[in-house]
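S.K.: Following is a predicted model, sequence given first.
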Amino acid sequence: MVRLFGPLVGLFFAVALLWSFGVGAIQAIREPEPTTAVQEFHLAPKEPEPGFSFNGPFGKFNQAQLQRGFQVYKEVCSNCHSLHFVAFRDLAALGYTEAEVKAIAKEWGTKAKVQDPKTGDETERDNVPADHFPKVYYAGTGNPPDLSLVTKARHEGPEYVYSLLTGYQEQPAELLKKYPDAKTPDGLYYNPYFANLNIAMPAPLADDQVTYGDGTKATKEQMAADVAAFLTWTAEPKMEKRKQTGWAVLGFLLAATALAYLAKRNVWSKVH
Amino acid sequence: MADEAIVNASGTDSPAVHDGAGVDEGVRRRDFINIAAVSFAGVGGLAVLVPLVSQMAPSADVLAESSTEIDISQIAPGQAIKAVFRKQPVFVRNLTPVEIGEADKVPTSSLRDPQTLEERTKAGKKNWLITMGVCTHLGCVPLGAGEGEVKGEFGGYFCPCHGSVYDTAARIRKGPAPKNLEVPPYEFTSDTVVKIG
Amino acid sequence: MSFPWAKEYKPSHPLMQWLDEKLPLPRFVYNAVGAGYPVPRNLNYFWNFGILAGVCLMLQIVTGVVLAMHYAANSGVAFDSVEHIMRDVNWGWMLRYAHANGASAFFVVVYIHIFRGFFFSSYKAPREMIWLLGVTIFLLMMATAFMGYVLPWGQMSFWGAKVITGLFSAIPVVGEPLQQWLLGGFAPDNAALNRFFSLHFLLPFVILGVVILHIWALHIPGSSNPTGVEVKTESDTVPFHPYYTAKDGFGLGVFAILYCTMLFFLPNALGHPDNYIQANPLSTPAHIVPEWYFWPFYAILRAFTADFLFIPAKLMGVLAMFSAILVWFFLPWLDTSPVRSGHYRPLFRKFFYLLVIDVLVLGYCGGSPAETKYVLISQIAATYYFLHFLVILPIVASIEKPAPLPFSITEAVLGKDDQTAPAA
């Protein structure tokens, strides 16, 4: 039975597939899919000079850079973007003391929302270190994403954030000539690193927009790299511990596996 | 790790081919390697247990709430509030001079858990009685801190579960509870703010 | 059953003797994976993957049970609870990465195990039942992995759930009500998430049960081996312990090194970035793909783009995707060649390597965006896939002239077997 019906079923699927193939191939030849502006002008993310300190199996965060990045987030990004999965207490990992964390939480512009149990009214109180960064409600057009996980939610996340922030430019004349329909609509901004080339966020960074406490010159590229590093930390705060643990585990496993190999050879020496 | 049993390798299958004095040395070295391999597997197995066990300990967000600050400026003498400390009620009570007097009047030798009111409050802040709202019997929340709740026959707290009665210093006076209501670690960070924990 | 020369369990300690009388569990273990189980002496490293698959299952169960202590199956908080595990729970990041990468490791190991079976025809008599149980395990694994992927409630979780349950809507008449029944609603939401969590917790234990049957069935005829020649005498076998416990110990070490490299240094390499965005029922990600281990089957699903005769393309795709796995159930009766091992089947071997390449191509196409060129390639590759199992294997079995087989396993290993001397 199986030997009778098996080949029939196989041929049935094969013919159906080749039918699909034929229909698809003829269509592809008759009306080839037109190329799009995105295919031609979208750019892969690039790394800042001289590269991120946290990349690679030995990579570590640079605390000074994370603090600068936090400053950029606080003074620029936090006007529209939430950071909801991060708590103020987590900032201790950036090198802030307990008192500094407490002050940052207390002075944070958006207050924590609480409901008065008696009246049911929404009231506000100062944030405390145990609180997460309060959600930012954005009334304008567009939908600013929460940034806590953004570097893990994009391919090559840190490079993507850096490239996007520094990638704003005029729409190339070449593009407009070839794809007149792809002109950036009003209210959007051309950015070749953005998935569909037109982003709702206006260029957020300009040289010297923030004043760094450590004297680093606040160029656009510097701020973009700093905030990209900070957002890598927010997405993966346990990265350094992960890599350290990884090396310890691998070292142990290499030794154990070498011994296991020798033991296996011992055991088998009697039959080979 | 699956290879715990390698240690028996040369035991169950004694290599009869090896004879003579010189070979003993080799056999011993082989035993050593087998034992070392199994030991490594054992150590690895134990190391795996560390995260599996410690994941059940309080997580960072729970630990972050292990201290609580309470504003006591609104508590008039004779009033009490319930606050939350480590997900459990804590009673903050502003004692009246009468209540302090009642507490001081009791001879400590007559108490089940002998303690004076001084020992249960901070120096110079004898009117501020801060205790956990957890009955030392089996963990119910005693009545007496809320507005209009029964305070029991000693004017302190009364636990409805099994009838433990506490006095104005929150000391056990009657009923099954073995201890006075626990005083958590706390300090006055200012005249109106108490930090518990 | 066992070979007559299998060693008998003889406890020497009185306590063990007592235990053996009351509950012969040590005897059971001794006969299953101890010195009491004679195994062909010539198994190569491909025979390590069965044990490794068992290790992966235990790894997933242990990490999964632990993660379930912190995870909250509610569409409002599921995503947050996963981030809570990653950030606040002690070692939570490691446990979650171990579980997510453990799923991939499990599939890598099982795919190698399955293709070992293809090459050495491990499915042939008298081992058909082992094979049928194995395919059942694989189906259960796919269901479990799919439902587990939904739990973090990211964008890929949500849209994966929607698309895969959408497959059932292709079934005529009952399709749509069936999909709504599966989801407990019109689109994935709390009801679906909760039932997926419940089943994701349950199914691994069902898998464990079928694995026990799989191993039980294995111990009836005993393990197959790379020559495909059955065991004849004691010199063809060695006791499982210490020989294969030692070899499996080493294999496990190598596996652990590769797995831990992924876990600690590339934990998100096999995942999809979109799953770090919380589920949004109003916006589909630009390019949705399942996890890599479903890619070959996903490519087959997408390969049907035109209605065939009276059957809509959507239904054909679903039928073909399920058939692509179901066809494995019939392998023992499709491949009728009396020779088991691919080493002695020159023609079969060529088609086997073609199948490996074919499945890799299907996988690549399945993971790529639905562009015309990938669809066209996967249509050719899927055609070969079905022809291979259903047409080519039966034909090869009848026309092939196999290479001469060794007399015995011992002869294959040592170049001679004393048993053959009188015959020669």
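M.R.: Nice, I can see it. Residues are numbered from 1 along each chain as shown, chains lettered A, B, ... in the order given.

S.K.: For the stretch 201-350 of chain C, which residue gets nearest to chain B?
M.R.: Closest approach of the stretch 201-350 of chain C to chain B (CB to the nearest CB) occurs at C:Gly249, with a separation of 2.7 Å. Just so you know, the C-beta spots here come from the backbone N, C-alpha and C atoms, and that holds for glycine as well.

S.K.: and the host helix or strand of that residue, average pLDDT?
M.R.: Element membership of C:Gly249, judged by DSSP states H and E, is helix C:245-265. Averaging the model's pLDDT scores along helix C:245-265 yields 97.

S.K.: Now do that helix: distance to the chain's middle.
M.R.: With CA atoms, centre = their mean, to the nearest Å as the basis, helix C:245-265 stands 18 Å off its chain's centre.

S.K.: That helix vs chain A: in contact?
M.R.: Yes - applying CB under 8 Å from any CB of the partner chain, one finds helix C:245-265 touching chain A at C:246-247, C:249-250, C:252-254, C:256-257, C:260-261, C:263-265.

S.K.: thinking again about what came up before, the residue of the stretch 201-350 of chain C closest to chain B is in contact with A:Asn266, isn't it?
M.R.: No - C:Gly249 is beyond contact range of A:Asn266, at 11.7 Å (criterion: CB atoms under 8 Å).

S.K.: which of these two has more neighbours?
M.R.: With neighbours defined as other CB atoms under 10 Å in any protein chain shown, C:Gly249 and A:Asn266 compare such that C:Gly249 has more, 30 against 24.

S.K.: How about the residue nearest in space to the middle of chain C, nearest residue that isn't a chain neighbour?
M.R.: Centrality entry for chain C: nearest residue to the mean C-alpha point is C:Val110, 3.5 Å, by CA atoms, centre = their mean. Excluding the flanking residues, the one nearest C:Val110 by CB to CB, 6 or more residues apart in numbering or on different chains is C:Ala53, at 5.3 Å.

S.K.: now C:Leu213
M.R.: Counting by CB to CB, 6+ apart, the residue nearest C:Leu213 is C:Leu133, at 5.3 Å.

S.K.: Compute the number of surrounding residues for that neighbour.
M.R.: Neighbours around C:Leu133, by other CB under 10 Å: 19.

S.K.: and the gap between the residue in the stretch 51-200 of chain C that chain B sits nearest to and B:Ala64?
M.R.: Of all residues in the stretch 51-200 of chain C, C:Trp91 sits closest to chain B, at 3.6 Å by CB to the nearest CB. Per CB to CB, to the nearest Å, C:Trp91 is found 18 Å from B:Ala64.

S.K.: Repeat that for A:Phe12.
M.R.: Using CB to CB, A:Phe12 is found at 63 Å from B:Ala64.

S.K.: what sits against residue 169?
M.R.: Just so you know, I chose chain A. Residues in contact with A:Gln169 (CB atoms under 8 Å, 6 or more residues apart in numbering or on different chains) are A:Tyr190, A:Asn191, A:Pro192.

S.K.: hmm, I had chain C in mind actually
M.R.: Counted by CB under 8 Å, 6+ apart, C:Ser169 has contacts C:Gly175, C:Glu176, C:Leu178, C:Gln179.

S.K.: Same question for A:Val23.
M.R.: C:Thr305, C:Ala306.

S.K.: On the three-state scheme, it is what?
M.R.: Applying DSSP: H, G, I helix; E, B strand; the rest coil to A:Val23 yields a three-state assignment of helix.

S.K.: what sits against the residue in the stretch 151-272 of chain A that chain C sits nearest to?
M.R.: Ranking the residues of the stretch 151-272 of chain A by distance to chain C (CB to the nearest CB) places A:Gly246 first, at 2.6 Å. A:Gly246 is in contact with A:Pro57, C:Cys260, C:Thr261, C:Leu263, C:Phe264, C:Phe265, counting by CB under 8 Å, 6+ apart.

S.K.: 6 Å instead, please
M.R.: Residues near A:Gly246 by CB atoms under 6 Å, 6 or more residues apart in numbering or on different chains: C:Phe264, C:Phe265.

S.K.: Could you do C:Arg127 as well?
M.R.: C:Pro221.

S.K.: hmm, try it at 10 Å
M.R.: C:Gly117, C:Ser121, C:Gly134, C:Ala217, C:Leu218, C:Ile220, C:Pro221, C:Gly222, C:Ser223, C:Ser224, C:Pro332, C:Arg340 (CB atoms under 10 Å, 6 or more residues apart in numbering or on different chains).

S.K.: Can you name the residues of the stretch 51-200 of chain A sitting close to chain B?
M.R.: Selection of the stretch 51-200 of chain A residues close to chain B by CB under 10 Å from any CB of the partner chain yields A:Ala87, A:Phe88, A:Arg89, A:Asp90, A:Val128, A:Pro129, A:Ala130, A:Asp131, A:His132.

S.K.: if we go to 6 Å?
M.R.: Within the stretch 51-200 of chain A, the positions near chain B by CB under 6 Å from any CB of the partner chain are A:Arg89, A:Ala130.

S.K.: all helices of chain B, in order?
M.R.: B:9-12, B:21-54, B:60-64, B:97-105 (DSSP state H).

S.K.: List the buried residues of the last one.
M.R.: Of the residues in helix B:97-105, those buried under the neighbour-count criterion (16 or more other CB atoms under 10 Å in any protein chain shown) are B:Glu99, B:Ile100, B:Glu102, B:Ala103.

S.K.: same check, this time on the third one
M.R.: By neighbour count on 16+ other CB under 10 Å, the buried set for helix B:60-64 is B:Ala60, B:Asp61, B:Ala64.

S.K.: can you list contacts of the one helix or strand the residue nearest to C:Leu213 maps to?
M.R.: For C:Leu133, the enclosing helix or strand under DSSP H and E is helix C:128-150. Defining contact as CB under 6 Å, 6+ apart, one finds that helix C:128-150 is touched by C:103, C:123, C:157, C:160-161, C:196, C:199-200, C:203, C:207, C:210, C:213-214, C:217-218, C:328-329, C:332.

S.K.: Show the average pLDDT along that helix.
M.R.: In the prediction, helix C:128-150 has an average pLDDT of 97.

S.K.: Okay, buried residues for that helix please.
M.R.: In helix C:128-150, counting by 16+ other CB under 10 Å, buried: C:128-141, C:143-150.

S.K.: can you state the direction angle for the helix or strand just after it and helix C:128-150?
M.R.: Moving toward the C-terminus from helix C:128-150, the next helix or strand (DSSP H and E) is helix C:155-168. Angle, helix C:155-168 to helix C:128-150, by axes from the mean of the first three to the mean of the last three CA atoms, to 10 degrees: 130 degrees.

S.K.: distance of C:Phe119 from chain A?
M.R.: Per CB to the nearest CB, to the nearest Å, C:Phe119 is found 20 Å from chain A.
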